[in-house]
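[1] what's the 3D shape of this:
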Amino acid sequence: MFRFFNEREDEGNGRDPRQSLVTIHNPKCAASEAYRMLRTNIHFSSGGDSLKVIVVTSTFPEEGKSLTAVNLAIAFAQAGENVILVDADMRRSTVHEDFGVPESPGLSEAIVSGNIEASLRDGPVEGMRLMTAGLTPPNPSELLHSRRMDSLLDDLKARSDLIVVDAPPVLAVTDASVLASKADGVILIINLARSDRNAAKRAVGALRAVNARILGTVITGLEPARKRYGYHHYYDRYYYCYDSEHDPDGKDRTHRGRTVQ
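    Presented below is the predicted three-dimensional model:
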């Protein structure tokens, strides 16, 4: 199944929260509707299974993964789910900028100290909480791979219906693969202008190597041939395409990553 929608791709470059948090500030625009479509597609992608932890990652930096994670978490909360958004990109965090909150205390402090409550903040919509990345530790991968991280996830699962994790890019560091191995599903962001077929294949291969369940891919950076439905504004230049592994007849596809051909 495919869904096309538009969104900006730049990550953490002083972006305006009114534009990055489009599901809050412009809920009736095409981009907000597309995030709601993505939310629905993820439900279908689960094949009826319960998804408690979803990791959002990309092949390289600046492909739109953080914007997708943030707005997807908001969309789930707007649908009545109790959602916790976790910024696990401790090397290049952006979630605190989007919501205008301090970066610390956050995930790194919660893993080390075990004081999860101190790192949880209320989100901008009812039913949503967020955990920023915290101070950058010298060993992010080791922290994420630790038993303390497992305990933290177990605690967050008990507090919520869904955890959306903003992970670092797959091909940049091992953090994403570590997180993917702990998740119930992974959404992979691929930007056509920044990535290529070989990079996408390597990213999918890295995720499969840890037995991650790839729910689908979100393709960004696709230039539309013409304007659609009269939306002539900030989002016109960037489109997403979502491809799920789960077919409508309820059977998982035998071939994964179908958008990468």
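
[2] Residue 170 contacts residue 176, correct?
    Yes - between residue 170 and residue 176 a contact is recorded at 4.5 Å, counting by C-beta atoms under 8 Å. Yep, even glycine has a C-beta here, placed from its N, CA and C like the rest.

[3] Tell me the residues that contact both of the two, please.
    57, 206, 207 (C-beta atoms under 8 Å, 6 or more residues apart in numbering).

[4] how about the second one, what does it touch?
    The one in question is residue 206. Residue 206 sits next to 170, 171, 176, 177 when contact means C-beta under 8 Å, 6+ apart.

[5] Show me the shared contacts of residue 170 and residue 176 that map onto strands.
    Using DSSP state E, residue 57 are the members of those that sit in strands.

[6] between the shared contacts of residue 170 and residue 176, which is nearest residue 148?
    Using C-beta to C-beta, residue 57 comes nearest to residue 148 of the shared contacts of residue 170 and residue 176, at 21.4 Å.

[7] partner residues bridging the closest one?
    residue 188 (DSSP bridges).

[8] gap between it and residue 33?
    24 Å (C-beta to C-beta, to the nearest Å).

[9] Please apply the same query to residue 140.
    In terms of C-beta to C-beta, residue 140 sits 35 Å off from residue 33.

[10] how about residue 60, what does it touch?
    Counting by C-beta under 8 Å, 6+ apart, residue 60 touches 169, 171, 172, 191, 194, 195, 199.

[11] Just the pLDDT for it.
    In this prediction, residue 60 carries a pLDDT score of 90.

[12] okay but residue 148 is in contact with residue 112, surely?
    Yes - Residue 148 is within contact range of residue 112, at 7.4 Å (criterion: C-beta under 8 Å).

[13] How about the contacts made by residue 141?
    By C-beta under 8 Å, 6+ apart, the residues touching residue 141 are 173, 174, 175, 178.

[14] show me the contacts for the first one.
    Taking C-beta under 8 Å, 6+ apart as the definition of contact, the neighbours of residue 173 are 91, 140, 141.

[15] ok, so of those, who is nearest residue 218?
    For these, the nearest to residue 218 is residue 91 (21.5 Å; C-beta to C-beta).

[16] where does the closest one sit relative to residue 59, distance-wise?
    As judged by C-beta to C-beta, residue 91 and residue 59 stand 16 Å apart.

[17] swap in residue 213?
    Residue 213 is 18 Å from residue 59, where distance means C-beta to C-beta.

[18] which one of the two has more residues nearby?
    Shown here are residue 213 and residue 59; by other C-beta atoms under 10 Å, residue 59 has more neighbours (27 against 21).

[19] you'd agree that one is up against residue 190?
    Yes - using C-beta under 8 Å, residue 59 is in contact with residue 190, at 5.7 Å.

[20] what's the overlap in contacts for those two?
    200, 203.

[21] so what pLDDT did residue 212 get?
    Value for residue 212, per-residue pLDDT: 94.

[22] Name all residues that make contact with the nearest residue to it once chain neighbours are set aside.
    Counting by C-beta to C-beta, 6 or more residues apart in numbering, residue 212 lies nearest to residue 180, which is 3.7 Å off, once chain neighbours are set aside. Contacts for residue 180 (C-beta under 8 Å, 6+ apart) come out as 55, 57, 167, 186, 207, 210, 212.
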